[in-house]
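# Test case, fold it:
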Amino acid sequence: MPTVTIDGRSIEVEKGTTILEAAKQIGIDIPHYCYHPGLRIAGSCRMCLVEIEGVPKLQIACYTLVTDGMVVHTQSEKVKEARRAVLEFLLVDHPLDCPVCDQAGECYLQIYYMQHGLHPSRVREDKLKRAKMKVLGEHIILDQERCILCSRCVRFTEEVTKSYELGIFHRGDRSVVDLYPGIQLHNRYQGNLADICPVGALTDRQFRFRTRVWYLEHAKSVCPGCSRGCNIFVDYNVRRGYKAGGRRIVRLRPRPNPWVNKYWMCDDGRYGFTWIEALDRILAPRRAEGGQLREISWSEAIRHAAQWITEAAREKRLAVLLSPKMTNEELYTADRLFRSLGARMIGYWAEPSSPGYEDEILIRGDKNPNTAGAHWIVGRASGIPQEDHLARLAEAMEAGQVDTAVIFLHDVEGAKAGERVLRALQRVERLIYLGTNWNRTATLSKLVFPATAFVEQDGTFTNFEGRVQRFWRAVEPLGQARPILSILRELAVACGVEPLPEDPEEVFALLALEHPFFSGMDYDRLGERGMMGQLEAPVEVRVK
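Next up is the predicted model:
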């Protein structure tokens with residue numbers, strides 16, 4: 001393996017490593033615009049020029065491979081002068097939009113100017129005028145005056161989505177990024193264009209003018225939109241800015257993970273978070289009285305639920321329907337609790353693919369984040385295929401074998417047998433629902449518990465490949481919502497059963513001891529990128 005010395009620090013790297021990547025490994029940031037680790041190298045911006053001993057001219061660090069014994073300087077006077085020159089050229093026609101630009105605070109033209117430029121403008125001519133606020137598609141707006149022609153967006157549509165919507169047109173200082181004639185952006189990954197744009201040329205229409213990025217805090221999470229389990233950042237503003245409509249969750253962004261989503265996420269996951277703070281969130285426990293669901297206290301709700309559950313379990317008339325939208329910890333705790341009570345039926349149901357769309361990039365047809373976890377924790381224990389659980393539940397209710405049912409997170413109206421199940425649920429004497437938002441199942445229930453959303457709790461999901469991944473809480477629960485683990489612990493105490501911990505990390509430790517698939521795992525070992533489960537053979541859990 002070659003050894004390179006960069007700014008007096010030596011490092012041994014894999015053969016084929018570029019100078020820029022080698023510098024990253026020892027914490028040296030070489031400025032760059034056109035380079036992106038998820039795209040082919042263009043080498044066009046010239047911002048990453050470095051000096052190599054024995055080489056007469058400056059070389060681009062993004063393309064030049066390390067050789068054994070190479071000595072590189074990233075802060076020599078020649079390098080600094082070249083960077084200032086590149087920045088000066090880029091700023092010749094760049095508008096002074098910083099006060100109104102959404103990229104302010106994340107703009108690498110700003111950042112690099114402050115770090116490497118700080119030169120006065122020598123340009124006295126008028127700046128070239130180009131198109132501003134040009135709508136490219138459902139999610140993206142283009143400002144050609146801000147564009148520095150790094151070509152990241154063009155390469156993304158050519159290499160990642162292969163949709164070829166964008167190109168660079170004209171020549172010289174008249175060059176612009178634009179759509180090919182007669183089309184708009186039509187791929188399902190448009191939000192990534194705003195992510196990879198190093199300046200404010202491509203901005204997100206949903207995020208535009210909502211908040212300044214320096215007001216945002218960030219939490220590491222996992223997208224619950226499908227079984228891929230893309231790693232994401234949850235950007236939130238606890239000040240609830242009025243420009244963002246009072247919402248705390250402002251945007252979701254991809255968090256790089258080479259084994260799962262690389263550097264990207266789909267638009268369905270990126271923009272599908274509005275349910276978290278929607279008007280139909282369940283904010284307090286409610287009990288059906290006089291034809292209405294009346295708000296009650298938590299203690300009253302727990303007391304009623306425990307009484308109904310213990311009575312039904314004693315008579316073998318209790319059925320439980322878990323959800324692959326639940327975390328591994330919640331599935332394990334619920335399964336343990338209701339098995340210890342002697343429930344007649346414990347199963348899970350994976351909601352059907354919506355409407356079957358998936359692609360070869362990231363999007364999966366299974367729109368549940370933890371179908372694989374439900375399979376290993378609940379499905380293997382019951383021995384019943386997941387597609388049969390809902391049908392068996394309906395049969396048992398129709399036969400009058402169930403008088404108390406507990407349903408987690410599901411709206412069964414979307415099932416193939418949804419109408420049949422809903423009719424059967426109306427025959428159940430006591431229906432208990434735990435969920436985040438109101439739906440048809442919740443409105444039919446006799447007792448409703450408000451549960452937290454994924455951004456309001458810690459936990460883990462298992463993706464379709466069997467990778468177990470952590471996510472972290474971003475914000476406090478809305479209203480009186482509580483984590484399902486907390487609700488289950490209180491129910492266990494009220495039912496006279498030994499409760500499991502409500503701390504997800506402690507529950508996961510117990511899960512790893514009991515289930516071979518999770519053997520050897522703990523929260524520290526999972527880290528930020530997760531671990532593969534102990535698969536007996538490659539298994540993909542499919543939604544029927």
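# who's in contact with the residue sitting nearest the centre point of the chain?
With distances taken as Cα atoms, centre = their mean, Cys223 lies nearest the centre of the chain, 2.9 Å away. By Cβ atoms under 8 Å, 6 or more residues apart in numbering, Cys223 lies in contact with 229-232, 252, 265, 269, 369. The way it works is simple: take the backbone N, C-alpha and C, and place the C-beta from them, glycine included.
# now swap in Gln469 and tell me
Gln469 neighbours (Cβ under 8 Å, 6+ apart): 222, 229, 231, 260, 460-463, 526, 529-530.
# ok so, going back, angles on the backbone of the residue nearest to the centre of the chain, please.
Here is the backbone geometry of Cys223 (degrees, to the nearest 10): phi -70, psi 130.
# if I look at it, how far off is Ile363?
Counting by Cβ to Cβ, to the nearest Å, the separation of Cys223 from Ile363 is 11 Å.
# Check whether Leu422 sits in a helix, strand or coil.
helix (DSSP: H, G, I helix; E, B strand; the rest coil).
# Can you report how many residues neighbour it?
Other residues lying near Leu422 total 17 when counted by other Cβ atoms under 10 Å.
# can you check Val448 too?
Counted by other Cβ under 10 Å, the residues lying close to Val448 total 26.
# hang on, the earlier thing: out of the contacts of Cys223, who's nearest Met47?
Among the contacts of Cys223, Met265 lies closest to Met47 (Cβ to Cβ), at 26.7 Å.
# so what's the closest one up against?
By Cβ under 8 Å, 6+ apart, the neighbours of Met265 are 189, 191-192, 223, 230, 232, 252-254, 362.
# Let's see which of those residues end up in helices.
Counted as lying in helices by DSSP state H, out of the contacts of Met265, are 191-192.
# Return the closest of the contacts of Met265 with respect to Asp68.
Pro254 (35.5 Å).
# Below-threshold pLDDT in this protein: ranges please.
The model of the chain has pLDDT under 70 over residues 241-245, 351-356, 380-388, 414-418, 536-544.
# could you redo the last one with a cut-off of 50?
537-539, 541-544 (pLDDT under 50).
# buried stuff in the longest helix anywhere in it?
For the chain, the helix with the greatest residue count under DSSP H is helix 298-314. For helix 298-314, a neighbour-count test (16 or more other Cβ atoms under 10 Å) marks 298, 301-302, 304-306, 308-310, 312-313 as buried.
# rewinding a little: mind putting the contacts of Met265 in CSV, distance to Leu535 included?
CSV is the format used below for the contacts of Met265 (distance: Cβ to Cβ, whole Å):
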residue, distance to Leu535
Tyr189, 29
Gly191, 32
Asn192, 30
Cys223, 22
Cys230, 21
Ile232, 25
Leu252, 29
Arg253, 30
Pro254, 26
Leu362, 21
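# and the contacts of Met265, which are buried?
Using 16+ other Cβ under 10 Å, the buried ones in the contacts of Met265 are 189, 191-192, 223, 230, 232, 252-254, 362.
# Sort out which of the residues you listed are in strands and list them.
Secondary structure from DSSP state E places 232, 252-254 of these in strands.
# so what's Ala288 closest to, chain neighbours aside?
Lys446 (4.5 Å; Cβ to Cβ, 6 or more residues apart in numbering).
# wait, Ser163
Distances taken as Cβ to Cβ, 6+ apart place Asn187 nearest to Ser163, at 4.2 Å, with adjacent residues excluded.
# Could you tell me how many residues sit around the one you found?
Using other Cβ under 10 Å, Asn187 is surrounded by 20 other residues.
# Work out the gap between the longest helix of the chain and the centre of the chain.
With Cα atoms, centre = their mean, to the nearest Å as the basis, helix 298-314 stands 36 Å off its chain's centre.
# For it, name the packing helices and strands.
strand 286-289, helix 328-341, strand 404-408, strand 430-435, strand 447-450, helix 484-494 (3 or more Cβ pairs under 8 Å, 6 or more residues apart in numbering; DSSP states H and E).
# Note down every partner strand of the fifth one and its orientation.
The one in question is strand 447-450. Applying DSSP bridges to the sheet, strand 447-450 is found paired with strand 286-289 (antiparallel), strand 430-435 (parallel).
# Just send those strands back as a markdown table, with distance to Asp126 and mean neighbour count too.
Shown next, in a markdown table, are these (distance: least, Cβ to Cβ, whole Å; neighbours: other Cβ atoms under 10 Å):
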| stretch | distance to Asp126 | mean neighbour count |
| --- | --- | --- |
| strand 286-289 | 65 | 16 |
| strand 430-435 | 59 | 25 |
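# Make TSV from the ones you listed and add distance to His94 to it.
Below are the strands paired with strand 447-450 laid out as TSV (distance: least, Cβ to Cβ, whole Å):
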stretch	distance to His94
strand 286-289	56
strand 430-435	49
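# For Leu500, which of these is the nearest?
The nearest among those, by Cβ to Cβ, is strand 430-435 at 16.0 Å.
# CA atoms only for that closest one, dumped as PDB, please.
What follows is strand 430-435, C-alpha atoms only, in PDB (Å, rounded to 0.1, in the frame of the first residue of the first chain):
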ATOM      1  CA  ARG A 430     -63.600  -4.200  23.200                       C
ATOM      2  CA  LEU A 431     -61.100  -2.900  20.600                       C
ATOM      3  CA  ILE A 432     -57.900  -1.200  21.800                       C
ATOM      4  CA  TYR A 433     -55.800   0.900  19.400                       C
ATOM      5  CA  LEU A 434     -52.300   2.200  19.900                       C
ATOM      6  CA  GLY A 435     -51.200   4.600  17.100                       C
END
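# And the contacts of it?
Contacts to strand 430-435, defined as Cβ under 8 Å, 6+ apart, come from residues 282, 305, 308-309, 312, 403-410, 425, 441-442, 444-451, 484, 487.
# give me that answer again for 6 Å
With contact meaning Cβ atoms under 6 Å, 6 or more residues apart in numbering, strand 430-435 is reached by 305, 308, 404-409, 425, 441-442, 445-449, 451.
# Same question for stretch 490-508.
Contacts for stretch 490-508 (Cβ under 6 Å, 6+ apart): 302, 306, 310, 329, 333, 337, 340, 458-459, 485-486, 489, 523.
# For that stretch, list every residue counted as buried.
Buried, per 16+ other Cβ under 10 Å, within stretch 490-508: 490-492, 494-495, 497, 499-500, 502, 504, 507-508.
# right, and the pair among those with maximum separation?
Ala494 and Phe508 (24.1 Å).
# give me the element Val4 is part of.
Assigning secondary structure by DSSP states H and E places Val4 in strand 3-6.
# Does anything pack onto that strand? Which helices or strands?
strand 70-73 (3 or more Cβ pairs under 6 Å, 6 or more residues apart in numbering; DSSP states H and E).
# packing partners for the strand it packs on?
By 3+ Cβ pairs under 6 Å, 6+ apart, strand 70-73 packs against strand 3-6, strand 49-52.
# if we can go back for a sec, reformat the ones in strands among the buried ones among the contacts of Met265 as CSV; add distance to Gly172.
Shown next, in CSV, are those (distance: Cβ to Cβ, whole Å):
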residue, distance to Gly172
Ile232, 40
Leu252, 39
Arg253, 35
Pro254, 34
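# nearest to Ile19, of those?
The nearest one, if we look at these relative to Ile19 and count by Cβ to Cβ, is Pro254, at 26.0 Å.
# so how far is Arg286 from the closest one?
Taking Cβ to Cβ, one finds Pro254 at 37 Å from Arg286.
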